[in-house]
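> Pasting the sequence and the predicted coordinates here, then a few questions.
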Amino acid sequence: MNDTALTQLQEAFPSATCTQVIDTAVLDVQTDDLTTTLTALKENFGCDLLLDVTGIDYLTYPKPPQKERFRVVYTLRNWRDNLVVQVRTGVSNPKIGLPTASSIWESANWGERECWDQYGINFSGHPDLRRILNHVQFEGHPLRKDYPVDKRQVLMESDSLEAPLKARLASKDTGHEAMTELGTDVMFLNIGPAHPATHGAIRFAVALDGETILANVVEIGYLHRGFEKLAEKHTYNQVIPLTDRLNYCSSMMNNIAYVKAIEKFANIEITERAQFMRVVLGEFYRILDHLVCLAAAGVDVGGLTNYWYLYDEKEAAYDFISKLCGGRLMSTATRIGGMYHDFHEGWEKEMEFHLAAIEKGAGDSQGLMEKNRILQDRMQNVCRFSPEQAISFGLTGPNLRSCGVPFDLRKDAPYYNYDAFDFDIPIGSNGDVYDRFMIRYEEIKQSIRIIRQAMKMIPGGPVNVNDPQVHLPKKAQVYTKIEGLANHFKMVFEGVHVPKGEWYDGYEAANGELGFHFVSDGSGTPYKCKVRPPCFYTLGSFPAMVEGSMIADAIVNLSCLNIIGGELDR
Amino acid sequence: MAAKVKQLPSRGGTPAEKVYLIEIFKGMAITLKHFLRNLWDNSNLYVRHYPEVQPDIPARWRGRHRLLTHPDGTPKCVACFMCQTNCPADCIMIKAGTRIDGVTEKMPVSFTIDLAECIYCGYCVEACPEDAIRMDTGIYAFTSSNREEMKIGMTEMLSLKGGFPEEEYQKGLEGE
């Protein structure tokens, strides 16, 4: 963010308080000014991407910054000028709450639903304010500080989804009322949650006219395990193994995104080697994530051969990963201030072997798929999304780029020397399922290019910062010296002390912008840790994408969006 | 040197794609190549005759836990509760008592790990100041038909041996 942006914001919103937190402009506004501020930011400042909506509960916060207990934060991004703006407002009465922003951005619909579900903050005028991550029978709001972390509830009834589906059907002008005159009726169908085509536990309810979807609603939360609540009970480093389980297809990208956010705010400068390691491994995991998506999507359209060409190489790559991290799926590889392990001996040769194998596998698979007319007829012009729609629904990553929006954090807000690499950002031309599918082949190629460049540039040296306040001392010192031992005890028991404050930081993960919103009270444990998972907002756009298409199209669309239950439900 | 935006070409317009058969035969040539290569030499296939052939377990592998002993056979653990504190899954339960063998002042009376709750992150090994707990047994598969059996105690963990020579283990930790 440049300095003029902050002055311009202050001039445009004189009644708001503008401050700068790392690269983010933070605006504190009155509740009455919220809607006008958000609208003006979207229209005059180009903040057309609503990244996230979240609440904060200051019940146990030492010296809270406001007199109200709750606060709601809207995180917006102007992707053209690399400007992140957070608009914050206090909530005097959560039952009355705030005016909704869902008429400004479509993505606010799910964002505010989650905020209501987790914090019990009402959004007046919201079209569909009901539970989203927690079950419909759930009582209370789990992210409130007075909700005990170990409290359990037995929930027996399944949600019929009848009311929201009928409401959605009624809100659309599909002409289905005329169907009764023809002696037919709308058919309601339930898909999932345990259906092979949903690739995880996601449930859909659809209203059908023949095979055409008139209305669709999604039920998520089957994999909800309270990541954010758990994070509040663990030290910063202890949360890293839990982040593995967000997007489990690219676990290390979650590790990197998480520690990057903390390091950025706590002003911890990691070593050059650690930065390059994170680039190499991050891109490698991006490839693996795309391989899973392509392989699974291929199976969904009936191309099983394609699956073996892609999945074999992913399977082989896990041998490399287990040598490096000690586990196949769960990497737990980063620590605040660096990495747990350096590369193992001979990694360059192995990496080159796997890259060549992936290149061949992906090349063969692309040869089967790209110009195949069956695939083209199944995917082209199916579930199309315009760039404006995609941005309004908060899509990021390959799904957004396939709609023709050239937004990529590696290009627009480069970190870890990404500006030093020579690579392309592929964008789609039609915004259909075919583009979402093919863009991943191209991203695999570009990631391979980045890894090869980074492997040439990677310097030697330590992978961890030499700071006893941040990183555990070397084991030799712990075993032999009392200073080392005392330091080790303090670090494990108290954790890394992160300065008091609130901040947001994003990372370009395989599925899009993976953001972390932290509130720190100065201790070694996060006061609040909110994930902005790319899948969540992608799936929020799913009903709008598939309505008007057929069931088979919806299934193909779902597999090409690459929804991962772990980060969707947290 | 920086990222450039590249638009993917719009496919499906060429006559060769519309004819359908040409591209199908090209695709079949790819699969035929794979078929012939694997028919000729199937040693490169990613197939393992498990359980007859076991996978190679690297030295950094986070497998099942074991407790280490001094050369004289007494446990290295001094019941400092570091592993229990650092465990993100709360699966370690230690009861400390007075040490009777005279090595140090404290030792665990009982040391239980609930393997059904363990997430195999290796944080206990990282936290241990005495090199008393390791996950280097190389054991990656174990099952049980009830939850109680998934809890392993001190005797069992002390009896397990490391899966790698000491040198290889230390080298694995250090890296390049």
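Good, I have the coordinates. Numbering: from 1, shown residues only, chains lettered A, B, ... in the order given.
> can you give me the strands for chain B?
Remark: strands assigned in chain B by DSSP state E are B:3-7, B:66-67, B:92-98, B:106-114, B:133-134, B:151-152.
> in the chain, what spans have low per-residue confidence?
Chain wasn't specified; assuming chain A. Scanning chain A for pLDDT under 70 picks out the ranges A:1-2, A:175-183.
> nope, chain B please
Chain B contains residues with pLDDT under 70 at B:1, B:175-176.
> Tell me which of the strands of chain B approaches chain A most closely.
strand B:3-7 (3.7 Å; C-beta to the nearest C-beta). C-beta here means a position set from N, CA and C on the backbone, and glycine is covered the same way.
> name the helices or strands packed onto the closest one?
With contacts defined as 3 or more C-beta pairs under 8 Å, 6 or more residues apart in numbering or on different chains; DSSP states H and E, the packing partners of strand B:3-7 are helix A:409-412, strand A:423-427.
> could the strands of chain B be laid out in TSV, adding mean neighbour count?
Shown next, in TSV, are the strands of chain B (neighbours: other C-beta atoms under 10 Å in any protein chain shown):
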stretch	mean neighbour count
strand B:3-7	14
strand B:66-67	22
strand B:92-98	15
strand B:106-114	19
strand B:133-134	22
strand B:151-152	18
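> right, so of those, which gets closest to residue A:436?
With C-beta to C-beta as the criterion, residue A:436 lies closest to strand B:3-7 of these, at 14.6 Å.
> between that closest one and strand A:423-427, what angle do the directions make?
Between strand B:3-7 and strand A:423-427, the angle comes out at 30 degrees (axes from the mean of the first three to the mean of the last three C-alpha atoms, to 10 degrees).
> hang on, the earlier thing: looking at the helices and strands packed on strand B:3-7, which is nearest to residue A:49?
helix A:409-412 (11.1 Å).
> Name the residues of the stretch 401-550 of chain A found near chain B, please.
Contact residues, the stretch 401-550 of chain A versus chain B (C-beta under 8 Å from any C-beta of the partner chain): A:404, A:406, A:408, A:410-411, A:418-430, A:434-435, A:438-439, A:442, A:472, A:475, A:478-479, A:485, A:488-489, A:492-493.
> one step back: among the strands of chain B, which comes closest to residue B:60?
Nearest to residue B:60 among the strands of chain B is strand B:133-134 (11.2 Å), distances taken as C-beta to C-beta.
> counting contacts, what elements does that closest one pack onto?
Counting contacts by 3+ C-beta pairs under 8 Å, 6+ apart, strand B:133-134 packs against strand B:66-67, helix B:123-127.
> one more time with 7 Å
With contacts taken as 3 or more C-beta pairs under 7 Å, 6 or more residues apart in numbering or on different chains; DSSP states H and E, strand B:133-134 sits against helix B:123-127.
> Next, the residue in the stretch 301-450 of chain A that chain B sits nearest to: phi, psi?
Relative to chain B, the nearest point of the stretch 301-450 of chain A is residue A:342 (3.2 Å; C-beta to the nearest C-beta). The phi/psi pair for residue A:342 (degrees, to the nearest 10) reads phi -80, psi 170.
> just how off-centre is stretch A:493-501 within its chain?
Centroid displacement of stretch A:493-501 relative to its chain, using C-alpha atoms, centre = their mean, to the nearest Å, is 24 Å.
> Need the contact partners of it.
A:21, A:235-237, A:262, A:265-266, A:336, A:469-470, A:520-525, B:85 (C-beta atoms under 7 Å, 6 or more residues apart in numbering or on different chains).
> quick one: which of those sit in strands?
Mapping the contacts of stretch A:493-501 onto strands (DSSP E) picks out A:21, A:520.
> which parts of the longest helix belonging to chain B are buried?
Using DSSP state H to define each element, chain B has its longest helix at helix B:21-40. For helix B:21-40, a neighbour-count test (16 or more other C-beta atoms under 10 Å in any protein chain shown) marks B:23, B:27, B:30, B:31 as buried.
> now the helices: where do they sit in the stretch 101-250 of chain A?
Taking DSSP state H, counting those that start in this stretch as the test, the helices found in the stretch 101-250 of chain A are A:108-119, A:162-171, A:227-231, A:240-243.
> Any idea which of the ones you listed gets closest to chain B?
Nearest to chain B, of all those, is helix A:240-243, at 3.6 Å by C-beta to the nearest C-beta.
> Now do the buried residues in that closest one.
Here helix A:240-243 shows A:240, A:241, A:242, A:243 as buried, counting by 16+ other C-beta under 10 Å.
> My guess is the last one contacts residue A:254. True?
Meaning residue A:243. Yes - using C-beta atoms under 7 Å, residue A:243 is in contact with residue A:254, at 4.2 Å.
> chain center to stretch A:292-305, what's the gap?
Centroid separation for stretch A:292-305 versus its chain: 23 Å, with C-alpha atoms, centre = their mean.
> Could you confirm whether that stretch reaches chain B?
Yes - applying C-beta under 7 Å from any C-beta of the partner chain, one finds stretch A:292-305 touching chain B at residue A:305.
> Other residues contacting that stretch?
By C-beta under 7 Å, 6+ apart, the residues outside stretch A:292-305 that reach it are A:197, A:199, A:249, A:306-307, A:310-311, A:314, A:365, A:368-369, A:375, A:378, A:437, A:440-441, A:555-556, A:559-560, A:562, B:31.
> let's see 6 Å
Residues outside stretch A:292-305 that contact it (C-beta atoms under 6 Å, 6 or more residues apart in numbering or on different chains): A:199, A:249, A:306-307, A:310-311, A:378, A:437, A:440, A:555-556, A:559-560, A:562, B:31.
> Where do the helices of the stretch 451-570 of chain A begin and end?
Under DSSP H, counting those that start in this stretch, the stretch 451-570 of chain A gives helices at A:475-480, A:482-494, A:534-540, A:542-546, A:551-561, A:565-569.
> filter the residues of the stretch 401-550 of chain A next to chain B to the buried ones?
A:404, A:406, A:408, A:410-411, A:418, A:421, A:423-430, A:434-435, A:438-439, A:442, A:472, A:475, A:478, A:485, A:488-489, A:492.
> Chain B against chain A: which residues are in contact?
B:1-8, B:10, B:12, B:17, B:20, B:23, B:27, B:30-31, B:46, B:58, B:60-62, B:82, B:85-86, B:88, B:119, B:121, B:127, B:129, B:175-176 (C-beta under 6 Å from any C-beta of the partner chain).
> in a helix, that's where residue A:441 is, yeah?
Yes - counting by DSSP: H, G, I helix; E, B strand; the rest coil, residue A:441 is located in a helix.
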